[in-house]
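In: I'll drop the sequence and a predicted model, then ask my questions.
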Amino acid sequence: MNNIKIYIAGHTGLVGSAIYRQLIKEGFSDSNIITTNRNTVDLTNTEDVNKFFERERPDWVFAAAAKVGGIHANSTYPVNFLLENLKIQNNLIECSYKYSVKKLLFLGSSCVYPKLAPQPIKEEYLLTSSLEPSNQWYALAKITGIKLCNAYNLQYKCNFISVMPCNLYGPNDNYHELDSHVLPALIRRMHFAKENKDKKIVIWGSGNPKREFLFSDDLAAACVMLMKNYDAKDIGDLINIGSSSDITIKEVVDMLMNVVGYRGEIIFDSSKPDGTPRKIVDSSKIKKLGWEPSTALYDGLKISYNDFLEKLNQGILRGQN
């Protein structure tokens, strides 16, 4: 393991940075890990990615780079969410085959599953019915990535693993008010509402949908465990990773109000879309392999809020007021 070369695509993001921390925690050194940024390698550019893989020849690839966002962003930029993600993942997966990567882990999302899938969602429910319209563009790209990994495994005997995490949160999240996911967007809005002494906050949707949340470092521990100990043939086409518990948006809002210290009124605007009514993945497969999440939601939210405050104080918060 000491001489293995590991490429983390998207190492500054929520998932990629967590994978980096986990690798260091498990004894890998900086000399094992290769990273890039948009100034050095444009992952949407096939020529750029080919040159990088030809030069570096990584043994492992964590494909954690993606264009991500919440309902508003998905609805506003459907072309970007479909096309950019297709370009990034196609380049990473094809070059991993072309340059003989020993193992690739592709990060998907639980939004790939049907809107009204039975709960909890098993891996075999993929493509059994219609997607949630509000994030279908991102979901379609990720489904294509899953199937491309599977195709390479079947045709060329590659070792490409696809993982489907539930809703994630943690350090290095995107805290943009409109284009981020629900938890970081709420952290941001509540903080500024507290600072501005706003008496109320209006939140999209009814607050009734239930969501499953997983701390990013817990996901990273699962991903590194899979890369170290399991092959694609051992786990099948894809594997879910979740906390195995869900909570309503109203309940998580109450929890965040306590974490942030906001004491105003919360108004839920039910004229705005809720998205999928309930979404919790069946994580029995990964748990049978020995993984369990270790971070309680309240504790993880405190860490996330401190991360938000740190980035705000440093002036590096995306979409900063």
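Out: On my side now, so go ahead.
In: In the chain, what residue spans correspond to strands?
Out: Applying DSSP state E to the chain gives strands spanning 6-9, 33-34, 60-63, 103-107, 160-165, 167-169, 200-204, 210-215, 238-241, 246-248, 265-269, 278-279.
In: Quick check: can you name the pairing partners of the last one and their directions?
Out: Read it as strand 278-279. When sheet partners are counted by DSSP bridges, strand 278-279 sits next to strand 210-215 (parallel).
In: tell me how far the partner strand is from the chain's mean position?
Out: 12 Å (C-alpha atoms, centre = their mean, to the nearest Å).
In: now do stretch 186-196
Out: Per C-alpha atoms, centre = their mean, the centroid offset for stretch 186-196 relative to its chain is 24 Å.
In: which other residues reach that stretch?
Out: Outside stretch 186-196, the residues that touch it by C-beta atoms under 8 Å, 6 or more residues apart in numbering are 175-177, 180, 198, 201, 203, 252-253, 256-257, 260-264, 301, 304-305, 308-309, 312, 317, 319, 321. C-betas here are computed from N, CA, C, even on glycine.
In: And those residues, which of them are buried?
Out: With burial judged by 16 or more other C-beta atoms under 10 Å, the buried subset of those is 175-176, 180, 201, 203, 252-253, 256-257, 260, 262, 301, 304-305, 308, 312, 317.
In: sorry, back to before: may I see the strands of the chain organised as JSON lines, with distance to Thr44 added?
Out: Listed next are the strands of the chain as JSON lines, based on distance: least, C-beta to C-beta, whole Å:
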{"stretch": "strand 6-9", "distance to Thr44": "12"}
{"stretch": "strand 33-34", "distance to Thr44": "19"}
{"stretch": "strand 60-63", "distance to Thr44": "13"}
{"stretch": "strand 103-107", "distance to Thr44": "16"}
{"stretch": "strand 160-165", "distance to Thr44": "20"}
{"stretch": "strand 167-169", "distance to Thr44": "22"}
{"stretch": "strand 200-204", "distance to Thr44": "30"}
{"stretch": "strand 210-215", "distance to Thr44": "27"}
{"stretch": "strand 238-241", "distance to Thr44": "24"}
{"stretch": "strand 246-248", "distance to Thr44": "34"}
{"stretch": "strand 265-269", "distance to Thr44": "35"}
{"stretch": "strand 278-279", "distance to Thr44": "29"}
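In: Now tabulate these in TSV and tack on distance to Leu83 and mean pLDDT.
Out: Listed next are the strands of the chain as TSV, based on distance: least, C-beta to C-beta, whole Å; pLDDT from 0 to 100:
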stretch	distance to Leu83	mean pLDDT
strand 6-9	17	98
strand 33-34	26	98
strand 60-63	17	98
strand 103-107	18	98
strand 160-165	20	98
strand 167-169	23	94
strand 200-204	26	92
strand 210-215	27	96
strand 238-241	23	96
strand 246-248	32	96
strand 265-269	31	96
strand 278-279	25	88
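In: Please report how far Met316 lies from Lys250.
Out: Just to correct that, residue 316 is Ile rather than Met. 31 Å (C-beta to C-beta, to the nearest Å).
In: ok, now Pro273?
Out: For Pro273, the distance to Lys250 - C-beta to C-beta - is 16 Å.
In: again with Ala66
Out: Distance of Ala66 to Lys250, given as C-beta to C-beta: 29 Å.
In: more neighbours, the two?
Out: In this view Ala66 and Lys250 are compared by other C-beta atoms under 10 Å, and Ala66 has more residues nearby, 25 against 17.
In: Report the contact partners of that one.
Out: Ala66 neighbours (C-beta under 8 Å, 6+ apart): 10, 13, 85, 88-89, 107, 142.
In: With Phe215 instead?
Out: 168-170, 293, 295, 297, 300, 303.
In: pretty sure Asp231 is touching Leu105, no?
Out: No: with contact defined as C-beta atoms under 8 Å, Asp231 and Leu105 do not form a contacting pair (11.3 Å).
In: Around Val259, how many other residues sit close by?
Out: Counted with other C-beta under 10 Å, Val259 comes out at 19.
In: Can you check the pLDDT for it?
Out: Per-residue pLDDT puts Val259 at 98.
In: what sits against the closest residue in space to it that isn't next to it in sequence?
Out: Excluding the flanking residues, the one nearest Val259 by C-beta to C-beta, 6 or more residues apart in numbering is Leu301, at 4.9 Å. Residues in contact with Leu301 (C-beta under 8 Å, 6+ apart) are 169, 183, 187, 255-256, 259.
In: Quick check: Ala141 touching Phe81?
Out: Yes: using C-beta under 8 Å, Ala141 is in contact with Phe81, at 6.8 Å.
In: re the thing from before, in CSV: the contacts of Ala66, plus neighbour count and distance to Ser100.
Out: Below are the contacts of Ala66 laid out as CSV (neighbours: other C-beta atoms under 10 Å; distance: C-beta to C-beta, whole Å):
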residue, neighbour count, distance to Ser100
Gly10, 23, 22
Gly13, 20, 26
Asn85, 23, 25
Ile88, 23, 20
Gln89, 25, 19
Leu107, 27, 21
Lys142, 25, 25
